[in-house]
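[1] pasting the structure only:
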């Protein structure tokens, strides 16, 4: 396996003095056995330029489906974290100035925690038995907002209950060994499909769906399909149906030109949409659902809007699936999204 380290948002170089990777139960910073050293171009340290990123060398570590791994980095100086502020799991930090603990199998030195993922942006596992990999691509509804909400004040942090995790478990248990697929989550909260929505609350810094496609999908190894779930933020950000559809067409053509299949969901309901925004949503969703293949420019559709909608108030999420904000799905809703996906479509 190998990992990708980012220095995307910094104006100075990032120095990584040491890195390791090991299997973990996901409940602490401890690893199962001593972690394996990770190298970069054969060296234990790496310098990543401002705005850059770097893949590590391959490291021998045997893993299986649903395994957790721990990637540890010893960083000199100041690191500027990425935008993944909602990892929905606990990551572990040592106190500054306490030295390099990347080789520790125990967790004693890791006295601080965060729910953000700072520097690691991808993990690449070599498995020649897989049929390929699917990347879920979108904003907070992909990132996993709501996936810790089990109802009635219940919160399950770090249990991996995003709809993409539920889908990965379905693939592992329901498909035969000859039809297994990897599932990667490339959701970034707060982003839009189109780069030019006029009412964005803050600049996207190149994180819109069109701009980041190369980094977060096309440059990954083994991608054979994309699960596209964008548009929910475009409408309140001021984009109309034609702007959204223009971004869809651009993105889908680039993906299919790279030999990657595209599976698209209609925009899911949100009670905060205005009447005009719902008209735009209807136009976009009619385009997506026509012939079940986005009018011929995608390879299949996902029925997420139908899975989540309240049958009595179809412009709202069903109360049993609502995270409480009217936008995102709770754990039950996340499972409903995963259950509505046809595995025979993804892995015929």
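    Thanks, I have it. Here the structure is a predicted model, which is why all the values come from computation and not from measurement.
[2] other residues contacting the longest helix along the chain?
    The longest helix of the chain (DSSP state H) is helix 241-257. The contact list for helix 241-257 (Cβ atoms under 8 Å, 6 or more residues apart in numbering) reads 193-197, 208-210, 213, 217-218, 226, 228, 230-231, 234-235, 261-262, 264, 279-281, 283-284, 287, 294, 297-299. In short, each C-beta sits where N, CA and C put it, glycine included.
[3] just how off-centre is it within its chain?
    Here helix 241-257 is found 20 Å from its chain centre; the criterion is Cα atoms, centre = their mean, to the nearest Å.
[4] go on, stretch 69-80?
    21 Å.
[5] residues making contact with it?
    Contacts for stretch 69-80 (Cβ under 8 Å, 6+ apart): 1, 3, 5, 7, 9-10, 12, 14-24, 29, 31, 35, 38, 61, 63, 99-102, 104, 118-120, 123.
[6] out of the residues you listed, which are buried?
    By neighbour count, with 16 or more other Cβ atoms under 10 Å, the contacts of stretch 69-80 hold 1, 3, 5, 7, 10, 14-16, 18-24, 29, 31, 35, 38, 61, 100-102, 104, 118-120 as buried.
[7] helix or strand: which one has residue 236?
    Using DSSP states H and E, residue 236 sits within no helix or strand.
[8] now residue 110: how far from residue 73?
    Using Cβ to Cβ, to the nearest Å, one obtains 12 Å as the distance from residue 110 to residue 73.
[9] same question for residue 161.
    27 Å.
[10] can you pick out the residue with more neighbours from those two?
    residue 161 (24 against 20; other Cβ atoms under 10 Å).
[11] contacts only, for the more buried one.
    Here residue 161 is in contact with 147-148, 331, 334-335 (Cβ under 8 Å, 6+ apart).
[12] look up how far residue 149 lies from it.
    If you go by Cβ to Cβ, the gap between residue 161 and residue 149 works out to 9 Å.
[13] mind listing the shared neighbours of the two?
    residue 331.
[14] how about the helices of the stretch 151-300 of the chain, start to end?
    Taking DSSP state H, counting those that start in this stretch, the helices of the stretch 151-300 of the chain run over residues 163-174, 213, 241-257, 275-289.
[15] can you redo those as CSV with mean neighbour count?
    Below are those laid out as CSV (neighbours: other Cβ atoms under 10 Å):
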stretch, mean neighbour count
helix 163-174, 20
helix 213, 20
helix 241-257, 19
helix 275-289, 17
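[16] dump the ones you listed into CSV; add mean pLDDT and distance to residue 82 as well.
    Output for those, formatted as CSV (pLDDT from 0 to 100; distance: least, Cβ to Cβ, whole Å):
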stretch, mean pLDDT, distance to residue 82
helix 163-174, 98, 18
helix 213, 97, 17
helix 241-257, 97, 22
helix 275-289, 97, 29
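[17] wait, which of those helices is closest to residue 320?
    When those are compared by Cβ to Cβ, helix 163-174 sits nearest residue 320, at 15.3 Å.
[18] got phi/psi on the nearest residue to residue 25 once chain neighbours are set aside?
    Distances taken as Cβ to Cβ, 6 or more residues apart in numbering place residue 68 nearest to residue 25, at 6.5 Å, with adjacent residues excluded. Torsion angles at residue 68 (phi, psi; degrees, to the nearest 10) stand at phi -100, psi 150.
[19] can you get me a residue count around residue 68?
    Residue 68 has 16 nearby residues by other Cβ under 10 Å.
[20] that one reaches residue 26, doesn't it?
    Yes - assessed by Cβ atoms under 8 Å, residue 68 is found in contact with residue 26 at 3.7 Å.
[21] so what's residue 101 closest to, chain neighbours aside?
    residue 109 (4.2 Å).
[22] so that neighbour, which of the three states?
    Three-state assignment for residue 109 (DSSP: H, G, I helix; E, B strand; the rest coil): coil.
[23] swap in the one 4 residues further on?
    Per three-state DSSP, the local secondary structure of residue 113 is strand.
[24] and the closest residue to residue 143 other than its chain neighbours, bridged to which residues?
    Take residue 143 and drop its neighbours on the chain: the residue closest to it by Cβ to Cβ, 6+ apart is residue 187, 3.4 Å away. Legend: beta-bridge partners of residue 187 under DSSP bridges are residue 138.
[25] OK, contacts around residue 187?
    Contacts of residue 187 by Cβ under 8 Å, 6+ apart are 136-144, 164, 229.
[26] before we move on, the earlier item: tell me which of the contacts of stretch 69-80 fall in strands.
    3, 5, 14-24, 120, 123 (DSSP state E).
[27] now for the residues you listed: which two are most distant?
    Farthest pair in the ones in strands among the contacts of stretch 69-80, by Cβ to Cβ: 15 and 23, 26.8 Å.
[28] will you turn the helices of the stretch 151-300 of the chain into TSV that also has distance to residue 131?
    Formatted as TSV, the helices of the stretch 151-300 of the chain follow (distance: least, Cβ to Cβ, whole Å):
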stretch	distance to residue 131
helix 163-174	10
helix 213	22
helix 241-257	17
helix 275-289	25
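[29] go through those helices and name the closest to residue 324.
    So among the helices of the stretch 151-300 of the chain, helix 163-174 is nearest, using Cβ to Cβ, at 17.2 Å.
[30] so what touches the closest one?
    Outside helix 163-174, the residues touching it (Cβ under 8 Å, 6+ apart) are 65-66, 136, 142, 144, 147, 180-185, 187, 227, 329, 334-335, 337-339, 341, 343, 346-347.
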